[in-house]
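Student: build the 3D model from these lines:
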Amino acid sequence: MIEYRRKVLSNGLVVLAHRDRATSMAATNIIYKVGARDEDPDHTGFAHLFEHLMFSGSRNAPSFDMPVQMASGENNAFTNNDYTDFYITVPKDNIDTALWLESDRMTDLDINASSLDVQKKVVIEEFNERYLNKPYGDLWLKLRPFLYSVHPYGWPTIGKSPDHIRNATLGMVRDFYDRYYHPSNAIIAVAGDYDYDEMFDMVESRFGHITDRGSEKKVLPVEPAQTESRELVIEGDVPASLVYAVFHMCPRADDRFVVCDTLSDLLSGGTSSRLYRSLVKGEALFTSVNAYVTGDLDPGLFVAGGHVSDGVDPKRACDVLMRQLRAMCEERVGEYELTKVQNKFEANTLFGEVNVMDKAMNLCFYEMLGDVSLVNREVSLYRSVTPGAITETARELFADNNVTFLYYLKK
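Tutor: I've put the predicted structure just below:
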């Protein structure tokens, strides 16, 4: 269980504090509620670009990494379709350095032609290396727009095209910064061995003076329900053909999410899982299989599939995969099988509460979901999933009109 306190500053910044007496390290984690879904369809990749720009220096700290290193700390960040996360770990005596750096780049990020040009080149190179010149790299570049007709989940975090980053102007970038990187669009967590009042005072001293630049949150279009099965065929220079069955599912905060996530673990959670035993070890149709949920804030995806064995017809492999998925709609899951998956989830959750950074990150994430108390309640929610709920959800999820088949074929 993660003990925490919550406070909202006058400028709208949500502050979460956790006292950890078992460590001499401390962590800050800050989430900005901006991801790829908040971008203009004609100017994508900006949230990911800002993940890089936020490390390019502010007016008061021209080198972001140097003060962190001088404080014996580590820092990093990640971006997805829904939010951007920045984190710093330092010895507890140096926590003010982390708070100063975060507050400084929230207000005085030095966005200039030189730094923008450098980071644009970095992101474009990443785009080319990971998405255009890597086997299967363009999979989600092609699959997302096939799955989403109006919702901005129709492009990946990297963006639709390198040209969107290449053509980004200083004015566009500064407007994006002003719109999304401000107190009322952020959540910060501090974890370490401090009194709670001390933690709130430290955050107040660094962030309380910041004037909020809040702007109206964009209303995103709702993706219409899929009404028929779809099929996308891609051919590429890849080592093996790949087959996916993809289904639209509920958003992350929906009560059904834990059931869908449990269902994915039943199907592919290790070598004793259903898909591995039947499709890899048994019929040897696949060399690897997986099932997972994307966990998006808005309605996301349930993905199942894997790499097809040499000499196996991808269509036949897909048919057998679907038989396994549809079996979940008819066969009642045994208590032992379900309990094993629930035990694994609880163990992973407990392991994720050991590190001071993980605690800070988890607090921010659940606050962003709208209920920070979930950080201590999700294990019980997963424990409450029943075999009947698995069957009912599988029938709804694996409906014939809700599936998109992807065949990524080896040339």
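
Student: the helix or strand where residue 29 lies pairs with which strands, parallel or anti?
Tutor: Using DSSP states H and E, residue 29 sits in strand 25-32. When pairing is defined by DSSP bridges, strand 25-32 lines up against strand 84-91 (antiparallel), strand 186-192 (antiparallel).

Student: which of the ones you listed sits most buried?
Tutor: strand 186-192 (a mean of 28; mean count of other Cβ atoms under 10 Å). For every residue, glycine as well, the C-beta is placed using N, CA and C.

Student: let me see the mean pLDDT of that strand.
Tutor: The pLDDT scores in strand 186-192 average 98.

Student: residue 344 and residue 262, how far apart?
Tutor: Distance, residue 344 to residue 262, using Cβ to Cβ, to the nearest Å: 10 Å.

Student: pick out whichever of those two has more residues nearby.
Tutor: Under the neighbour definition other Cβ atoms under 10 Å, residue 344 and residue 262 were set side by side, and residue 262 has more, 24 against 14.

Student: centroid residue for this protein?
Tutor: residue 80 (4.9 Å; Cα atoms, centre = their mean).

Student: is it in contact with residue 37, as I believe?
Tutor: No: here residue 80 does not reach residue 37: they are 9.3 Å apart, not a contact under Cβ atoms under 8 Å.

Student: after the top helix by length along the chain comes which helix or strand?
Tutor: Secondary structure of the chain per DSSP state H: the longest helix is helix 335-351. Remark: after helix 335-351, the chain's next helix or strand is helix 356-369, criterion DSSP H and E.

Student: average model confidence for that following helix?
Tutor: 97.

Student: just checking, what packs against that helix?
Tutor: On a contact count with 3 or more Cβ pairs under 8 Å, 6 or more residues apart in numbering; DSSP states H and E, helix 356-369 meets strand 14-19, strand 25-32, strand 84-91, strand 186-192, helix 374-383.

Student: let's have those in a markdown table, adding distance to residue 201.
Tutor: Formatted as a markdown table, these follow (distance: least, Cβ to Cβ, whole Å):
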| stretch | distance to residue 201 |
| --- | --- |
| strand 14-19 | 10 |
| strand 25-32 | 15 |
| strand 84-91 | 18 |
| strand 186-192 | 11 |
| helix 374-383 | 23 |
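
Student: give me the buried positions along the strand holding residue 29.
Tutor: By neighbour count on 16 or more other Cβ atoms under 10 Å, the buried set for strand 25-32 is 25-32.

Student: relative to strand 25-32, how tilted is the helix or strand that comes right after it?
Tutor: Remark: after strand 25-32, the chain's next helix or strand is helix 46-53, criterion DSSP H and E. Helix 46-53 and strand 25-32 are oriented at 150 degrees to each other (axes from the mean of the first three to the mean of the last three Cα atoms, to 10 degrees).

Student: mind giving me the packing neighbours of helix 46-53?
Tutor: By 3+ Cβ pairs under 8 Å, 6+ apart, helix 46-53 packs against strand 74-79, strand 84-91, helix 113-127, helix 170-180.
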